[in-house]
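In: dropping the sequence and predicted coords here.
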Amino acid sequence: MVLQTSVVSSNCTLEHYSCKLLYSHSHVIVTNPLLYISSDMVSSQLQLHRYHTGRESRVVTALTLLKRHLFNYQGYVQAALVLGGVDVTGPHLHTIYPHGSTDTLPFATMGSGSLAAMAVFESKYREGLTRDEGINLVTEAICSGIFNDLGSGSNVDICVITKGGKEYLRNHLQPNPRTYVSSKGYSFPKKTEVLMTKITPLKEKVEIIEGGDAMEE
């Protein structure tokens, strides 16, 4: 569950479905319901596009829809996305910044822990990785972000997208499990109560003076 200014679940997912072989991963500066609305909007537009053309959506179509939407708001929709998918032209990986600019890269990271994750990719990525090698590399990169950044969560989710379908590995690894829970529970103080209410009518404070000089035209 996600509210406008707080995350009430520390194990919420940030992967957003666009179509059968197309997913985006999000990083938000403040957890923003507009991000989820934007993802649902793009997903519905891609579905309408498939109905109209009778063909599967291409990754570049979703990329164009997302970056145009973000560019229109000039960064006020604080969403940074990593978009990945497979279409008839092959696999694709893109990054989309909050202002609408994009990159196309063999590996990509976004968010506050992206520098630590990028260090792992730059040192260990190579062409021709197997599925298991790719999962292990991504897991290590995410763990690097978790351990070196306080805003990168505490669990690893992996989404493997191939031409035959997708496989979502939810809670693939939990490197920072919660080890202590108070047996007494937690209580929070009540909000500030209203002690006194005073209403001052403004009409009694207004004095109307008739006459005076006329305004010049």
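Out: Ah, there it is. Residues are numbered from 1 along each chain as shown.

In: which pLDDT value goes with Cys143?
Out: Predicted confidence (pLDDT) at Cys143: the value is 93.

In: distance of it relative to Ser154?
Out: According to C-beta to C-beta, to the nearest Å, Cys143 stands 10 Å off from Ser154. Bear in mind the C-beta positions are built from the backbone N, C-alpha and C, glycine included.

In: those two: who's more crowded?
Out: More crowded of Cys143 and Ser154, by other C-beta atoms under 10 Å: Cys143, with 19 against 12.

In: by mean pLDDT, flag the weakest helix or strand of this protein.
Out: Taking mean pLDDT, DSSP states H and E as the measure, the helices and strands of the chain show their lowest mean at strand 22-28, namely a mean of 54.

In: mutual contacts of Cys143 and Ser154, please.
Out: Between them, Cys143 and Ser154 share the neighbouring residues Pro175, with contact defined by C-beta atoms under 8 Å, 6 or more residues apart in numbering.

In: show me what the biggest helix by length in the chain is packed against.
Out: If you go by DSSP state H, the chain has its longest helix at helix 33-53. Under the contact criterion of 3 or more C-beta pairs under 8 Å, 6 or more residues apart in numbering; DSSP states H and E, helix 33-53 touches strand 15-19, strand 22-28, helix 59-72, strand 79-87.

In: comparing the ones you listed by mean pLDDT, which bottoms out?
Out: If the helices and strands packed on helix 33-53 are sorted by mean pLDDT, strand 22-28 sits at the bottom with a mean of 54.

In: low-confidence ranges in the chain?
Out: 1-35, 203-209, 211-217 (pLDDT under 70).

In: helix, strand, or coil at Glu167?
Out: Using DSSP: H, G, I helix; E, B strand; the rest coil, the secondary structure recorded for Glu167 is strand.

In: that one bridge partners, please.
Out: With DSSP bridges applied, the residues forming beta bridges to Glu167 are Val160.

In: keeping just the C-alphas, turn the longest helix of the chain into PDB.
Out: Extracted as PDB, the C-alpha positions of helix 33-53 are listed here (Å, rounded to 0.1, in the frame of the first residue of the first chain):
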ATOM      1  CA  PRO A  33       0.700   8.000  -6.400                       C
ATOM      2  CA  LEU A  34       1.000   9.900  -9.700                       C
ATOM      3  CA  LEU A  35       3.700   7.400 -10.600                       C
ATOM      4  CA  TYR A  36       1.300   4.500 -10.400                       C
ATOM      5  CA  ILE A  37      -1.300   6.500 -12.300                       C
ATOM      6  CA  SER A  38       1.200   7.300 -15.000                       C
ATOM      7  CA  SER A  39       2.200   3.600 -15.300                       C
ATOM      8  CA  ASP A  40      -1.500   2.600 -15.500                       C
ATOM      9  CA  MET A  41      -2.100   5.300 -18.100                       C
ATOM     10  CA  VAL A  42       0.800   4.100 -20.300                       C
ATOM     11  CA  SER A  43      -0.400   0.400 -19.900                       C
ATOM     12  CA  SER A  44      -3.900   1.300 -21.100                       C
ATOM     13  CA  GLN A  45      -2.600   3.400 -24.000                       C
ATOM     14  CA  LEU A  46      -0.400   0.400 -25.100                       C
ATOM     15  CA  GLN A  47      -3.400  -1.900 -24.900                       C
ATOM     16  CA  LEU A  48      -5.500   0.500 -27.100                       C
ATOM     17  CA  HIS A  49      -2.500   0.700 -29.500                       C
ATOM     18  CA  ARG A  50      -2.500  -3.200 -29.800                       C
ATOM     19  CA  TYR A  51      -6.200  -3.200 -30.400                       C
ATOM     20  CA  HIS A  52      -5.800  -0.600 -33.200                       C
ATOM     21  CA  THR A  53      -2.800  -2.100 -34.900                       C
END
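
In: I appreciate the help and will end here.
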